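*Asks:* Attaching a predicted model along with its sequence, questions to come.
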Amino acid sequence: MSKNIKLISIVLFALFSFFILLKGLDKSNTYSPSIDKSKIDFNFKSKYLFSEKEVFLNELLKNEGMTLINIWASWCLPCKDEHAYLLKLKSLNKLNIIGINYKDNENNAKKFLSELGNPYTNIITDPNGINSIELGAFGVPETYLIENKSKLIIKKFIGPLDDNSFTQLTKIIQ
Amino acid sequence: MNKMKILLKLIIIFLIFQNFSSAETSQKVDKISKNLRCLICQGQSVYDSQSDFALSMKILIQNKIDEGKNDEQIYDFLKNKYGEWIVYDPEINKNTILLWVLPLILFVFGGILIYRKVSIK
């Protein structure tokens, strides 16, 4: 009798572990942060690109409408791919687009913009990557859609914008 | 002459002290960054990684320490931006309760087994 109980408990334990491991395998390994509406403190200072003036990101967010914050760099190839989408978004004239120039050289940034066009209303710099971390970013390119009034991140795109994210964005700002 | 000597000693003491305190903050940066997961590199801590993300993170931690923030505040700041996943030390919540409790259960269970074996003999 007691042998039976032992056997059954061993089998049950094995089954239990098996299902836990199976469930673990089901989960994707790559972590992606929650894109829920998260509040971020935009209250940090940064230097304008091509100027020595400094500004708080807060001041660049207007009171009405939405703002798109795009982290980019001239050395980042995917940024070139997404640039056309940013220009298209600018031509819709619905958004205030702020660029954050990530760990870049000013001359290269200038070249990049004169070659591909400048979709940004304002560009601030992030020479050592700290400002991007304040926003919760991983690297370049990364794009945030922010509702100005509530200062909430409505949408977050990690990696370059594409057709899919572009339609999502236009749907939201429409 | 004597006054000069005292002044010189004071300066030397000041310099040594300053050196110590900067070594202390960099030790603190090391300690905190060892407990942070480098989110864009697999299986590395921020301390070990040389990626752009990790390098920036170390500068940021340094700045926060200089601002006078303590460890807890820095962890909270980062958890707020990147989620619980960024710290290696998982908190107790409903997803991680098994992780915390299971070793304890096994320990107690093993103890009972050993106790019973011994007492039967």
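*Replies:* Ah, there it is.
*Asks:* Quick check, central residue of chain B?
*Replies:* Nearest to the mean C-alpha position of chain B, by C-alpha atoms, centre = their mean, lies B:Ile32 at 3.3 Å.
*Asks:* The nearest residue to that one once chain neighbours are set aside: which element?
*Replies:* Spatial nearest neighbour of B:Ile32, excluding adjacent residues (C-beta to C-beta, 6 or more residues apart in numbering or on different chains): B:Ile61 at 5.3 Å. (Glycine included, C-beta is placed from N, CA and C.) Assigned by DSSP states H and E, B:Ile61 belongs to helix B:52-66.
*Asks:* So which bits of that helix are buried?
*Replies:* Buried residues in helix B:52-66, counted by 16 or more other C-beta atoms under 10 Å in any protein chain shown: B:52-54, B:56-58, B:60-62, B:64-65.
*Asks:* Please apply the same query to stretch B:84-103.
*Replies:* So for stretch B:84-103, counting by 16+ other C-beta under 10 Å, buried means B:86-87.
*Asks:* Name the residues that touch that stretch?
*Replies:* The contact list for stretch B:84-103, computed with C-beta atoms under 8 Å, 6 or more residues apart in numbering or on different chains, reads A:31, A:33, B:35-37, B:39, B:45, B:75, B:78-79.
*Asks:* Can you say which of the residues you listed are buried?
*Replies:* A:33, B:36-37, B:39, B:75, B:78.
*Asks:* what's the farthest-apart pair in these?
*Replies:* A:Pro33 and B:Tyr75 (15.9 Å; C-beta to C-beta).
*Asks:* all helices of the chain, in order?
*Replies:* Using chain A. A:2-26, A:57-60, A:77-91, A:106-116, A:130-135, A:163-173 (DSSP state H).
*Asks:* try again with chain B
*Replies:* With DSSP H as the criterion, chain B has helices spanning B:2-34, B:52-66, B:71-82, B:97-120.
*Asks:* Adding mean pLDDT, write these out as TSV.
*Replies:* Output for the helices of chain B, formatted as TSV (pLDDT from 0 to 100):
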stretch	mean pLDDT
helix B:2-34	80
helix B:52-66	91
helix B:71-82	87
helix B:97-120	90
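*Asks:* mind checking which of those is nearest A:Leu21?
*Replies:* Nearest to A:Leu21, of the helices of chain B and by C-beta to C-beta, is helix B:97-120 at 12.6 Å.
*Asks:* OK, contacts around B:Phe107?
*Replies:* Neighbours of B:Phe107 in contact, by C-beta under 8 Å, 6+ apart: none.
*Asks:* do A:Tyr85 as well
*Replies:* A:161-162, A:165-166.
*Asks:* how far away is it from A:Leu49?
*Replies:* Using C-beta to C-beta, to the nearest Å, we find A:Tyr85 at a distance of 20 Å from A:Leu49.
*Asks:* that older thread, show me which pair in the contacts of A:Tyr85 is furthest apart.
*Replies:* A:Asp162 and A:Phe166 (6.8 Å).
*Asks:* Which one's more surrounded, the two?
*Replies:* A:Phe166 (17 against 14; other C-beta atoms under 10 Å in any protein chain shown).
*Asks:* what's the distance between the residue nearest to the more buried one when sequence neighbours are not counted and A:Asp126?
*Replies:* Spatial nearest neighbour of A:Phe166, chain neighbours left out: A:Tyr85 (4.9 Å); criterion: C-beta to C-beta, 6+ apart. Counting by C-beta to C-beta, the separation of A:Tyr85 from A:Asp126 is 21 Å.
*Asks:* swap in B:Val87?
*Replies:* Taken as C-beta to C-beta, the span from B:Val87 to A:Asp126 is 24 Å.
*Asks:* and if you look at A:Leu61?
*Replies:* Taken as C-beta to C-beta, the span from A:Leu61 to A:Asp126 is 17 Å.
*Asks:* more neighbours, these two?
*Replies:* When A:Leu61 and A:Asp126 are compared for neighbours, A:Asp126 comes out ahead with 25 against 19, by other C-beta under 10 Å.
*Asks:* I'd say that one and A:Glu134 touch.
*Replies:* No - under the criterion of C-beta atoms under 8 Å, A:Asp126 is not in contact with A:Glu134, lying 9.3 Å apart.
*Asks:* need the contact list for the closest residue to chain A within chain B.
*Replies:* Here chain B gets closest to chain A at one residue, B:Ser56, 2.9 Å apart by C-beta to the nearest C-beta. Listed by C-beta under 8 Å, 6+ apart, the contact set of B:Ser56 reads A:128-130, A:132-133.
*Asks:* As TSV, the buried residues of helix B:52-66 with distance to B:Glu24 would be great.
*Replies:* Compiled in TSV, the buried residues of helix B:52-66 are given as follows (distance: C-beta to C-beta, whole Å):
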residue	distance to B:Glu24
B:Asp52	27
B:Phe53	25
B:Ala54	21
B:Ser56	22
B:Met57	19
B:Lys58	16
B:Leu60	18
B:Ile61	14
B:Gln62	12
B:Lys64	15
B:Ile65	9
